[in-house]
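Asks: Need coordinates for the following:
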Amino acid sequence: MSQEIHIYTDGSSLGNPGPGGFAAVMKYKNRYREITGGFKKTTNNRMELFAVIRALEELNDFAKDKEIVIFTDSTYVMHAVTKGWLYTWQKKGFKDKANVDLWRRFLKIYPKYKLRFEWVKGHSGIKENERCDVLAKKAAQAEKLPVDGGYSDNS
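Replies: Sure thing, here's the model as predicted:
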């Protein structure tokens, strides 16, 4: 485990669509970092995916030789990657798929790292996952949230 970076992620939407928030807790040895934010109108799936993307964007060259374990309670995100759906969607030009902007953003950063996805049951007492849930909900409730430029009622 000492060479692994653990990233716990969660997304929240108060209404779906509605105000949304995302959060990630990143751990490596004794280092601990939290990332969070929100948007005025978005969806839960967008926030789940955005949490993963933002965490990966925070990594640097130091992480390139480490295994990165993404812990998520989102089967949408995990299965899209682990079952290869994402690559099929990409080959078909993401025809009729949601969150294309975020999936393309993910695909730009994904190859840089050795990633492994682990599903965790939400609200099951895993400290870091519970913390992400709290942070994501709090972010969704913030005042003056920015617009999610990639969200549309048709996505």
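Asks: Where does pLDDT dip in this protein?
Replies: 1-2, 154-155 (pLDDT under 70).
Asks: let's see it at 50
Replies: 1, 155 (pLDDT under 50).
Asks: where do the strands sit along it?
Replies: 4-13, 18-28, 31-42, 67-72, 114-119 (DSSP state E).
Asks: and the ones you listed as JSON lines, adding mean neighbour count?
Replies: Placement of C-beta: from N, CA and C, glycine included. Listed next are the strands of the chain as JSON lines, based on neighbours: other Cβ atoms under 10 Å:
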{"stretch": "strand 4-13", "mean neighbour count": "25"}
{"stretch": "strand 18-28", "mean neighbour count": "24"}
{"stretch": "strand 31-42", "mean neighbour count": "18"}
{"stretch": "strand 67-72", "mean neighbour count": "21"}
{"stretch": "strand 114-119", "mean neighbour count": "15"}
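Asks: Which one, of those strands, ends up nearest to Glu57?
Replies: Closest approach to Glu57 among the strands of the chain (Cβ to Cβ): strand 31-42, 9.0 Å.
Asks: Just want the angle from the closest one to strand 18-28.
Replies: Using axes from the mean of the first three to the mean of the last three Cα atoms, to 10 degrees, the inter-axis angle of strand 31-42 relative to strand 18-28 is 170 degrees.
Asks: residue contacts, Ala140?
Replies: Neighbouring residues of Ala140 by Cβ atoms under 8 Å, 6 or more residues apart in numbering: 12-14, 18-21, 38, 47.
Asks: Let me know the closest of these to Asp153.
Replies: Nearest member of these to Asp153, counting by Cβ to Cβ, is Gly18, at 12.0 Å.
Asks: Check the gap between that closest one and Thr42 for me.
Replies: To Thr42, Gly18 is 8 Å away according to Cβ to Cβ, to the nearest Å.
Asks: Next: Ala63.
Replies: Distance, Ala63 to Thr42, by Cβ to Cβ: 27 Å.
Asks: Is it possible to get the strands of the chain out as CSV so that each row also shows distance to Tyr87?
Replies: As requested, those are exported to CSV (distance: least, Cβ to Cβ, whole Å):
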stretch, distance to Tyr87
strand 4-13, 21
strand 18-28, 24
strand 31-42, 25
strand 67-72, 17
strand 114-119, 14
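Asks: of all those, which lies closest to Pro146?
Replies: Nearest to Pro146, of the strands of the chain and by Cβ to Cβ, is strand 31-42 at 6.0 Å.
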